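> A predicted structure for the sequence below; I have some questions about it.
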Amino acid sequence: MSEHWLALYTFAQFRTRADDPANDDFFSNEAAIWAAMERADGFIARAGYEDEPGTDLWGEQVFPKYWEDNGDGWAPSTISLWQDLEAALAAVYRGPHAQILRLGHLFVKEAVDYPPYVLWWVPQDHRPDWEEAVERHELLGDNGPSATAFTFKNAFDPQGDPLVVDAKRSREIADHNRLRANLPKTVQ
């Protein structure tokens, strides 16, 4: 058992203001997607938001240098902790979250020059704050994958050695998550 957890920070920007009706599908699915993520195998914890009761904030929410304020002072971003790469991959790309990702072109900017997410390892007694997450995101954007800021495709283990995600195990975790939630089979 590793003494580390995998931190995952995601960042996107809406095409329009957050309160635009074009974003209604995003917001109407948000609670169900978070609920599915929180029930997923390997989920540890996530940062909450200032207006969200019941979750810790993990510091003041800040955005990376790529952020372009469209007048609402907001951008969809998350921080979460996972047991390992396979569990995070299963939840992000093979569950209800994957379904909303497929609709992303309807409400988030595409063809951007920054990564949509970053991964890094943290000691189990550490909760990364928004500032740390943004720093890792910008590090990945500026320098590409490294042991301190990486992607699923170019991953590293907690000791800094290259690591290949076990896709078969990730699919098995996704299938288990789906069966527990009684969801239809997702794209593999």
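Everything's here; your move. Numbers count the residues shown, from 1 in each chain.

> any regions of this structure where pLDDT drops low?
Scanning the chain for pLDDT under 70 picks out 1, 182-188.

> strands of that one, start to end?
All strands of the chain, identified by DSSP state E, fall at 4-11, 43-46, 77-82, 117-123, 155-156, 162-163.

> now do the longest one against strand 117-123, angle only.
Direction vectors for strand 4-11 and strand 117-123, defined by axes from the mean of the first three to the mean of the last three CA atoms, to 10 degrees, enclose an angle of 150 degrees.

> tell me what strand 4-11 is packed against?
Packing partners of strand 4-11 (3 or more CB pairs under 8 Å, 6 or more residues apart in numbering; DSSP states H and E): strand 77-82, helix 85-93, strand 117-123, helix 130-143. The way it works is simple: take the backbone N, C-alpha and C, and place the C-beta from them, glycine included.

> out of the ones you listed, nearest to Q61?
helix 130-143 (4.9 Å; CB to CB).

> dump the closest one to CSV, keeping only the CA atoms.
Provided in CSV are the C-alpha atoms of helix 130-143 (Å, rounded to 0.1, in the frame of the first residue of the first chain):
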residue,chain,number,x,y,z
TRP,A,130,-6.0,25.6,-4.8
GLU,A,131,-2.7,27.5,-5.0
GLU,A,132,-0.7,24.3,-5.0
ALA,A,133,-3.0,22.8,-7.7
VAL,A,134,-2.6,25.8,-9.9
GLU,A,135,1.1,25.8,-9.5
ARG,A,136,1.3,22.1,-10.6
HIS,A,137,-1.1,22.8,-13.5
GLU,A,138,1.1,25.7,-14.8
LEU,A,139,4.2,23.6,-14.3
LEU,A,140,2.7,20.9,-16.6
GLY,A,141,1.6,23.6,-19.1
ASP,A,142,5.0,25.3,-19.1
ASN,A,143,7.3,22.2,-19.1
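
> and that helix, what does it pack onto?
strand 4-11, strand 77-82, strand 117-123.

> how distant is it from the center of its chain?
On the basis of CA atoms, centre = their mean, to the nearest Å, helix 130-143 sits 14 Å off its chain's mean C-alpha point.
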